[in-house]
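K.L.:
Take this sequence and fold it.
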Amino acid sequence: ADFNYGADEYDAEGNEEPKALPEGSETMPYIDESPTMSPQLSARGQESGDGVSPTPTDGLGTGGERDAGKGLEMRKLVLSGFLASEEIYINQLEALLLPMKPLKATATTSQPVLTLQQIETIFYKIQDIYEIHKEFYDSLCPKVQQWDSNVTMGHLFQKLASQLGVYKAFVDNYKIALETAEKCSQSNYQFQKISEELKVKGPKDSKESHTSVTMEALLYKPIDRVTRSTLVLHDLLKHTPADHPDYPLLQDALRISQNFLSSINEDIDPRRTAVTTPKGETRQLVKDGFLVELSEGSRKLRHVFLFTDVLLCAKLKKTAVGKHQQYDCKWYVPLADLVFPSPEESEHCPQVHVIPDHELEDMKMKISAIKSEVQKEKANKGQSRAIERLKKKMFENEFWLLLNSPAIPFRIHNRNGKSYLFLLSSDYERSEWREAIQRLQKKDLQAFVLSSVELQVLTGSCFKLRTVHNIPVTSNKDDDESPGLYGFLHVIVHSAKGFKQSANLYCTLEVDSFGYFVSKAKTRVFRDTTEPQWNEEFEIELEGSQSLRILCYEKCYDKTKLNKDNNEIVDKIMGKGQIQLDPQAVQTKNWHMDVIEMNGIKVEFSMKFTSRDMSLKRTPSKKQTGVFGVKISVVTKRERSKVPYIVRQCIEEVEKRGIEEVGIYRISGVATDIQALKAVFDANNKDILVMLSDMDINAIAGTLKLYFRELPEPLLTDRLYPAFMEGIALSDPAAKENCMMHLLRSLPDPNLITFLFLLEHLKRVAEKEPINKMSLHNLATVFGPTLLRPSEGESKGHLTLASDIWSHDVMAQVQVLLYYLQHPPISFTELKRNTLYFSTDV
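P.N.:
So this is what the prediction gives:
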């Protein structure tokens, strides 16, 4: 694999960042007359000697700078640069507003230059934006001038971010404003003269009093400004200590700004993403990102670029250090020739080799273990060489995961013969690409062939235009970036409305972990309705997650469309939406109700989050008459049984009708069903058997897992836990066998008999792996921590970092169960008869 792919060292915003000029500078950034060049690049090539980059270079940002004084200085530098550009921005807005009053005055005369309607459209919201920024500038300026460690200005940025609604209105109107201004220029010579030369005041202390700028260039400034403010917030956060009162305010402002930017990203800025073809037509970049392509039987990571009329698939060339990097075009398809083959047409396409789940799980464990080693090294002020070595290993592992986990096929076909196959991990993402291409195909597109020079120019522009700079691995994230949430997210999908006609509807939930999104839960299909009422609750495990996505589908029952390929999703997406998981908002004990709007459909859901250390507490039940949270010895004694009734009944039901269910024990059951079963077992209700036979099989499997998870002491006991950890770490096979069997013999009888009963059941489940996709390793991953994790008193020292010790312990717990699952059959009587050669004490 090309490991240097995407590992190029750009900061996340890209290295094409303009210099912010300090007060008193003679040149003006951000003024750019060329329609194809990005205003973001416009300050390049001007005096760079006195520029202060808003993102400090690495030389400043390394360990030595951590002391407060230097951090304070960096904040001042960032703010001074920003303030200077804010002054220029206000002058630009003033220049735009200057002709508005005289134009309005003539509008009511017999010879108007423009009508009132045209003036409203062209200058829409400029006055409001000007007032917002003038107030912001007037409040921030004195703070920067009287700078010391006590200065706070987070509230100003938070207020600025909260007023982004005005910008949304401006952006929505931007294209119409430009078109109107252009039409008016063509039809009215007076207005043309005004709009070609607007006078922008130079900054204070500047030698130049005015600069001439076109109206078109000035109308673009507000759009550019939001991006600029977001970059500055990012830099300020980098140099603000986490305990500083500004920190949460800046974080909030950055979150609002980033959400805002991503929501308008598609509508924005035809110029930042434009390339002029040799024929002089404008070709714009609409979307780009990393996708895995299946090429000649192997998986390759590609950077895919969607332009207005062509889809281009590229990879980054290997270049010598310090050389400008370039993309290499692998293939392109003009959108006029691009079609999506239907599942039946794609049967001759190559079959996707899917990596077994347990290999992916193993790799996640390894990554978590390396992460915690990096944390330890940092905490112990470890050598940077050791940290770098670990980070390199982590990058290779994460890269492998990114390459090998996607399995949902996204097929693209060129009418002229060739087909291409991408693999995605998320149907949401697949649908985003498909929709973006279909939107562009609605326009009148011509087929074409690019000459080698044209292709070179287009591929050359990719580097400058790309919006996604780094592959989504940890090593490309800043240390201060949110690590995401670790623990369990409880989501209730209530209902949806806004459908035009009745359909069979269901929802799926996706969350991100390890840099990519995966589907984690699915509601039942609600048939023939326009207002489905699911009211289903799910428990989703989060591994460093930052977002939740909900997709709403119409179920397809057409046999001809159902493909042999398991991962082909043929159901139609009716709508999709995404929300950020904000740690502050989510981490409350109460349910938080929310609505996601998508294509006119509203899906109502509630959620709450339990951190991993909280969710792993074993708490004994207050009432000892039930079975959940009650010691296993108490239950078996009361029932006069060797194995608890709940364990026997759930296993019997799973073996009767769930042993061939794909993902049995891995896929969450509906939480409300599990709670209903729990209540029935606790009350020893006579209707248990009727209820079990009617219940969804995943809920029964979930009830069995919950029973073991809620035991006040793990099935393999707290007392023996350290010995199990030591036994599994032995390298000599004979010593390990001796120790592991001796440990089983040391368990109390009810625990041992129940464990052996469960063990044989799990082996029978794994025999059906070709159908249910559950290997011994998958089952060990699901049940290991449930059967071994110590109760609260035993694991006090374990809660250092949510993802830290957890990963080492979990790996060992999985290995212990796997050892017994892979062992030839173990019988209770044989165990008890075989007193081994030595060691009577554990």
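
K.L.:
which residues of the stretch 151-300 of the chain score low on pLDDT?
P.N.:
Applying pLDDT under 70 to the stretch 151-300 of the chain flags residues 205-208, 264-281.

K.L.:
Which stretches in it count as strands?
P.N.:
198-201, 210-213, 274-276, 282-295, 298-307 (DSSP state E, counting those that start in this stretch).

K.L.:
Direction-wise, compare the fourth one with strand 298-307 and give the angle.
P.N.:
Read that as strand 282-295. Angle between the axes of strand 282-295 and strand 298-307 is 170 degrees (criterion: axes from the mean of the first three to the mean of the last three Cα atoms, to 10 degrees).

K.L.:
Name the residues of the helix or strand containing Lys366 that are buried.
P.N.:
According to DSSP states H and E, Lys366 maps onto helix 357-379. Neighbour-count burial for helix 357-379, counted by 16 or more other Cβ atoms under 10 Å, picks out 357-358, 360-361, 363-374, 377. Where C-beta positions appear, they are placed from N, C-alpha and C, glycine not excepted.

K.L.:
Pass me the low-pLDDT residue ranges in the stretch 701-842 of the chain, would you?
P.N.:
Scanning the stretch 701-842 of the chain for pLDDT under 70 picks out the ranges 792-807, 835-842.

K.L.:
burial count for Ile771?
P.N.:
12 (other Cβ atoms under 10 Å).

K.L.:
Now do the contacts for the residue nearest to it when sequence neighbours are not counted.
P.N.:
Using Cβ to Cβ, 6 or more residues apart in numbering and skipping the chain neighbours, the partner closest in space to Ile771 is Glu660 (4.7 Å). Applying Cβ atoms under 8 Å, 6 or more residues apart in numbering, we find Glu660 in contact with 768, 771-772.

K.L.:
wait, which of the residues you listed is closest to His244?
P.N.:
Of all the contacts of Glu660, His244 sits closest to Asn772, with 52.7 Å by Cβ to Cβ.

K.L.:
Touching, that closest one and Val765? I think so.
P.N.:
Yes. Applying Cβ atoms under 8 Å, one finds Asn772 in contact with Val765, separated by 6.8 Å.

K.L.:
From Leu489, how far off is the most centrally placed residue in the chain?
P.N.:
Closest to where the C-alpha atoms of the chain average out (Cα atoms, centre = their mean) is Asp512, at 4.3 Å. For Asp512, the distance to Leu489 (Cβ to Cβ, to the nearest Å) stands at 12 Å.

K.L.:
try Val78
P.N.:
Using Cβ to Cβ, Val78 is found at 35 Å from Leu489.

K.L.:
I'd say Val816 and Phe724 touch.
P.N.:
Yes. With contacts counted by Cβ under 8 Å, Val816 reaches Phe724, the gap being 5.2 Å.

K.L.:
Please enumerate the strands of the stretch 401-550 of the chain.
P.N.:
Under DSSP E, counting those that start in this stretch, the stretch 401-550 of the chain gives strands at 408-414, 419-424, 485-497, 503-513, 516-522, 526-529, 533-545, 547-554.

K.L.:
Out of the ones you listed, the one nearest Glu653 is which?
P.N.:
Comparing the strands of the stretch 401-550 of the chain by Cβ to Cβ, strand 533-545 comes nearest, at 20.1 Å.

K.L.:
would you turn the contacts of Glu660 into JSON lines with distance to Met593 and secondary structure?
P.N.:
Below are the contacts of Glu660 laid out as JSON lines (distance: Cβ to Cβ, whole Å; DSSP: H, G, I helix; E, B strand; the rest coil):
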{"residue": "Lys768", "distance to Met593": "40", "secondary structure": "coil"}
{"residue": "Ile771", "distance to Met593": "39", "secondary structure": "helix"}
{"residue": "Asn772", "distance to Met593": "36", "secondary structure": "helix"}
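
K.L.:
remind me which residues of the stretch 551-700 of the chain are low pLDDT?
P.N.:
Ranges of the stretch 551-700 of the chain meeting pLDDT under 70: 558-569, 585-588, 612-617.

K.L.:
just checking, what packs against the longest helix along the chain?
P.N.:
Longest helix of the chain, by residue count under DSSP state H: helix 68-97. Here helix 68-97 touches helix 126-145, strand 198-201, helix 215-238, going by 3 or more Cβ pairs under 8 Å, 6 or more residues apart in numbering; DSSP states H and E.

K.L.:
Buried residues in that helix, which are they?
P.N.:
Buried-residue list, helix 68-97, by 16+ other Cβ under 10 Å: 71-72, 74-75, 77-97.

K.L.:
what about the helices in the stretch 601-750 of the chain?
P.N.:
In the stretch 601-750 of the chain, the helices defined using DSSP state H, counting those that start in this stretch lie at 612-615, 632-639, 645-657, 671-682, 688-694, 697-709, 721-728, 733-745, 749-767.

K.L.:
and those as a markdown table, adding mean neighbour count?
P.N.:
Formatted as a markdown table, the helices of the stretch 601-750 of the chain follow (neighbours: other Cβ atoms under 10 Å):
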| stretch | mean neighbour count |
| --- | --- |
| helix 612-615 | 15 |
| helix 632-639 | 17 |
| helix 645-657 | 18 |
| helix 671-682 | 18 |
| helix 688-694 | 13 |
| helix 697-709 | 22 |
| helix 721-728 | 18 |
| helix 733-745 | 16 |
| helix 749-767 | 18 |
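
K.L.:
Distance to Gln258 for the ones you listed - can I get that in TSV?
P.N.:
Shown next, in TSV, are the helices of the stretch 601-750 of the chain (distance: least, Cβ to Cβ, whole Å):
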stretch	distance to Gln258
helix 612-615	26
helix 632-639	50
helix 645-657	45
helix 671-682	32
helix 688-694	47
helix 697-709	36
helix 721-728	43
helix 733-745	51
helix 749-767	44
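
K.L.:
Report pLDDT for the residue of the chain positioned farthest from its centre.
P.N.:
For the chain, the largest distance from the centre (Cα atoms, centre = their mean) belongs to Ser110, which lies 58.4 Å off. Looking at Ser110, its pLDDT is 83.

K.L.:
repeat for Asn15
P.N.:
pLDDT recorded at Asn15 is 33.

K.L.:
Quick check: closest non-adjacent residue to Leu762.
P.N.:
Spatial nearest neighbour of Leu762, excluding adjacent residues (Cβ to Cβ, 6+ apart): Leu779 at 4.8 Å.

K.L.:
quick one: contacts for the closest residue to Gln251 other than its chain neighbours?
P.N.:
In space, and not counting its chain neighbours, Gln251 is closest to Leu237: 6.5 Å by Cβ to Cβ, 6+ apart. By Cβ under 8 Å, 6+ apart, the contact set of Leu237 is 247, 250-251, 254, 480.

K.L.:
And Leu237, how close does it get to Asp512?
P.N.:
Distance of Leu237 to Asp512, given as Cβ to Cβ: 21 Å.

K.L.:
swap in Arg549?
P.N.:
Per Cβ to Cβ, Arg549 is found 8 Å from Asp512.

K.L.:
CA atoms of stretch 652-662 as CSV?
P.N.:
Taking Å, rounded to 0.1, in the frame of the first residue of the first chain, the C-alpha atoms of stretch 652-662 are listed here in CSV:
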residue,chain,number,x,y,z
GLU,A,652,-33.0,-22.8,23.6
GLU,A,653,-34.9,-20.1,21.7
VAL,A,654,-31.7,-18.9,19.9
GLU,A,655,-30.9,-22.5,18.9
LYS,A,656,-34.5,-23.1,17.7
ARG,A,657,-34.8,-20.0,15.4
GLY,A,658,-31.8,-17.7,15.6
ILE,A,659,-28.8,-19.8,14.9
GLU,A,660,-28.8,-18.9,11.3
GLU,A,661,-29.6,-15.2,11.9
VAL,A,662,-26.8,-13.0,10.4
